[in-house]
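Visitor: The sequence and its predicted three-dimensional model are supplied below.
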Amino acid sequence: MTISQKDRETLRTLAARYMTYALSDKNNEKRELWRALNELRMQKPMITIDQMPWHELDVDGSLVCTVEDPYFRGVEWNLRTNIYKWEHLPADMVLNPYISLSRPISNTGFGMSTRRLAHDSTGNIQSWLFEDQLAEMEDVEKIKTPVLSIDREREAELLAAANDIFAGIAPVKMQGIMLHSGLWDSITFWKGVESCYIDLLDRPELIHAILDRYTNAFIAQIEQINKLGLYDITGNYCHCSHTFDDRLPPKECDPDHPTTYDGWTFSMAQLFTSVSPAINEEFEVPYMSKIFSYFGSVYYGCCERLDDRIDIIDRMPNIRKISCSPWSDREHFAAVLPKKYIMSNKPNPAYLAESSFDEDVVRADFRRTIAAAKSNGVGLELLLKDISTVKNDPQRLWRWSEIALEETMNSVL
């Protein structure tokens with residue numbers, strides 16, 4: 001493949017700037033703080049900021065991509081956004097000391113697609129109404145087993161090009177698959193929210209049939225990934241949380257053939273925030289227990305409330321971090337969370353979308369969460385994500401990062 005001299009210079013300049021930060025003492029210190037948290041010997045609560053409204057954040061043109069090659073334009077975007085975060089809102093982010101390249105992997109998928117009956121097409125955030133494609137028992141057969149493959153020739157070409165571009169500046173590593181193992185997120189798109197709730201009540205046998213077929217297909221996908229050695233062990237990131245830990249990947253891991261047993265996955269059942277714990281147990285635990293057994297560690301939960309069902313989540317294997325969303329009672333969450341888990345709190349992004357940014361409210365929110373974790377002796381991380389808007393005021397996010405560091409540095413759990 002041919003990369004123009006102009007694009008080559010752009011990528012090398014960005015990489016040199018990136019590596020200055022990635023090799024800094026500050027970056028190394030943050031990595032060790034994450035390692036301490038993940039090994040249950042926390043030195044301070046840790047913070048990340050992710051899933052941001054990038055279209056509102058460019059203040060000086062530094063986020064404008066110019067590289068023409070589509071693949072390396074993606075590499076450019078990753079470099080630009082990581083540099084931006086480090087310079088403006090670093091919180092406790094860690095930069096890997098190498099350039100990550102996506103592997104050329106193909107996946108035929110599960111045979112299902114999202115069919116929208118209606119949606120609001122204005123803006124980046126949309127309201128959708130979905131068609132129920134799994135309405136009858138015979139529809140379950142629509143769920144297919146994915147077929148995965150990797151283009152080894154293309155991968156070698158990309159690796160050679162990247163090594164040439166970044167020679168003398170940065171090493172490069174191929175980044176494999178990180179699986180989203182939350183089956184219900186997909187089922188909700190295939191059926192629609194209302195249909196899921198109705199069938200959980202009226203036709204539980206249909207839901208079990210869907211889950212059984214989907215679970216088997218998902219496990220078949222995992223087994224193909226493992227056979228091909230395509231799982232990710234280089235990203236050190238799972239669901240907006242750093243995963244540095246001496247236990248993973250294990251010492252016996254073959255770095256040239258990593259499997260799901262060597263890494264993390266993330267999972268959730270956000271639909272179940274509005275069902276009883278008993279429904280959660282029946283329609284989540286037996287299926288996810290099978291899937292989770294294939295992974296080294298699991299991050300569980302997202303926006304759903306979980307403080308009223310931690311005992312049920314505890315029945316599934318290999319979970320290490322559990323999400324405490326803004327809809328959870330954080331004091332109760334910390335009180336009932338077994339000490340083997342990390343409390344993964346999600347600060348409310350709505351504070352960034354108010355008519356004005358109230359620093360006192362943000363600071364008080366931090367203090368409440370930290371106090372809850374401290375009084376119960378649990379490890380804590382705070383992951384700000386799902387940020388739809390900062391009202392076109394990037395400094396709000398920058399200031400949020402500063403406040404987060406101030407409050408967590410002042411706390412010792």
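Guide: Cool, the structure landed. Numbers count the residues shown, from 1 in each chain.
Visitor: ok, now which ones touch Ile99?
Guide: Under the criterion of C-beta atoms under 8 Å, 6 or more residues apart in numbering, the contact list for Ile99 reads 15, 18, 75, 79, 162, 166, 170-173. C-beta: built from backbone N, CA, C; applies to glycine.
Visitor: do that again at 7 Å, thanks
Guide: 15, 75, 162, 166, 170, 172 (C-beta atoms under 7 Å, 6 or more residues apart in numbering).
Visitor: just Ile342 next, same as before
Guide: Ile342 neighbours (C-beta under 7 Å, 6+ apart): 37, 320-321, 379, 381.
Visitor: With Glu39 instead?
Guide: 245-246.
Visitor: Measure how far the one helix or strand Met288 maps to is from the centre of its chain, please.
Guide: Element membership for Met288, per DSSP states H and E: helix 285-292. Centre-to-centre, helix 285-292 and its host chain are 19 Å apart (C-alpha atoms, centre = their mean, to the nearest Å).
Visitor: Next, format the contacts of Ile99 as CSV and append distance to Ala334, secondary structure and pLDDT.
Guide: Listed next are these as CSV, based on distance: C-beta to C-beta, whole Å; DSSP: H, G, I helix; E, B strand; the rest coil; pLDDT from 0 to 100:
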residue, distance to Ala334, secondary structure, pLDDT
Ala15, 41, helix, 98
Val75, 40, helix, 98
Ala162, 44, helix, 98
Phe166, 44, coil, 98
Ala170, 40, coil, 98
Val172, 41, strand, 98
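Visitor: Tell me which helix or strand the closest residue to Arg363 other than its chain neighbours sits in.
Guide: Leaving aside its sequence neighbours, Arg363 sits nearest to Ile403 (C-beta to C-beta, 6 or more residues apart in numbering; 5.7 Å). For Ile403, the host element (DSSP H and E) is helix 394-409.
Visitor: Repeat that for Asp212.
Guide: helix 204-228.
Visitor: Next: Asn163.
Guide: helix 152-165.
Visitor: Tell me which residues of the helix holding Ile403 come out buried.
Guide: By 16 or more other C-beta atoms under 10 Å, the buried positions in helix 394-409 come out as 394, 396-401, 403-404, 407-408.
Visitor: tell me the average confidence for that helix?
Guide: The average pLDDT within helix 394-409 is 97.
Visitor: packing partners for it?
Guide: Applying 3 or more C-beta pairs under 7 Å, 6 or more residues apart in numbering; DSSP states H and E, we find helix 394-409 packed against strand 46-49, helix 359-376.
Visitor: Please identify the deepest-packed of the ones you listed.
Guide: Ranked by mean neighbour count, the helices and strands packed on helix 394-409 are led by strand 46-49 with a mean of 25 (mean count of other C-beta atoms under 10 Å).
Visitor: need the contact list for the residue lying closest to Asp151 once chain neighbours are set aside.
Guide: Closest residue to Asp151 in three dimensions, ignoring its sequence neighbours and counting by C-beta to C-beta, 6+ apart: Pro104, at 4.4 Å. Taking C-beta under 7 Å, 6+ apart, we find Pro104 in contact with 150-151, 154-155, 158.
Visitor: Which one (most neighbours) among those?
Guide: Leu158 (21 neighbours; other C-beta atoms under 10 Å).
Visitor: Surely it and Leu101 touch.
Guide: Yes. Here Leu158 reaches Leu101: they are 5.9 Å apart, a contact under C-beta atoms under 7 Å.
Visitor: Taking the centroid of the protein, which residue is nearest it?
Guide: With distances taken as C-alpha atoms, centre = their mean, His239 lies nearest the centre of the chain, 1.8 Å away.
Visitor: SS state for the closest residue to that one other than its chain neighbours?
Guide: Residue nearest to His239 in three dimensions, not counting chain neighbours: Phe266, with 3.7 Å by C-beta to C-beta, 6+ apart. Classification of Phe266 using DSSP: H, G, I helix; E, B strand; the rest coil returns strand.
Visitor: Look up which residues are beta-bridged to Phe266.
Guide: Using DSSP bridges, the bridge partners assigned to Phe266 are His180, Tyr299.
Visitor: quick one on the thing from earlier: which two in the contacts of Ile99 are spaced the farthest apart?
Guide: The distance between the two most remote of the contacts of Ile99 (C-beta to C-beta) is 10.9 Å, for Val75 and Ala170.
Visitor: Each with direction, which strands does the helix or strand encompassing Leu380 pair with?
Guide: Leu380 belongs to strand 379-384 when assigned by DSSP H and E. With DSSP bridges as the test, strand 379-384 is paired with strand 46-49 (parallel), strand 342-345 (parallel).
Visitor: now those as a markdown table including distance to Glu281?
Guide: Output for these, formatted as a markdown table (distance: least, C-beta to C-beta, whole Å):
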| stretch | distance to Glu281 |
| --- | --- |
| strand 46-49 | 30 |
| strand 342-345 | 21 |
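Visitor: okay, those in TSV with mean pLDDT and distance to Glu252 next?
Guide: Putting the strands paired with strand 379-384 into TSV (pLDDT from 0 to 100; distance: least, C-beta to C-beta, whole Å) gives the following:
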stretch	mean pLDDT	distance to Glu252
strand 46-49	98	28
strand 342-345	98	25
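Visitor: and of those, who's closest to Tyr300?
Guide: Smallest distance to Tyr300 across those (C-beta to C-beta): 8.7 Å, for strand 342-345.
Visitor: that older thread, the helix holding Met288 to helix 204-228, inter-axis angle?
Guide: Using axes from the mean of the first three to the mean of the last three C-alpha atoms, to 10 degrees, one finds that helix 285-292 and helix 204-228 are set 10 degrees apart in direction.
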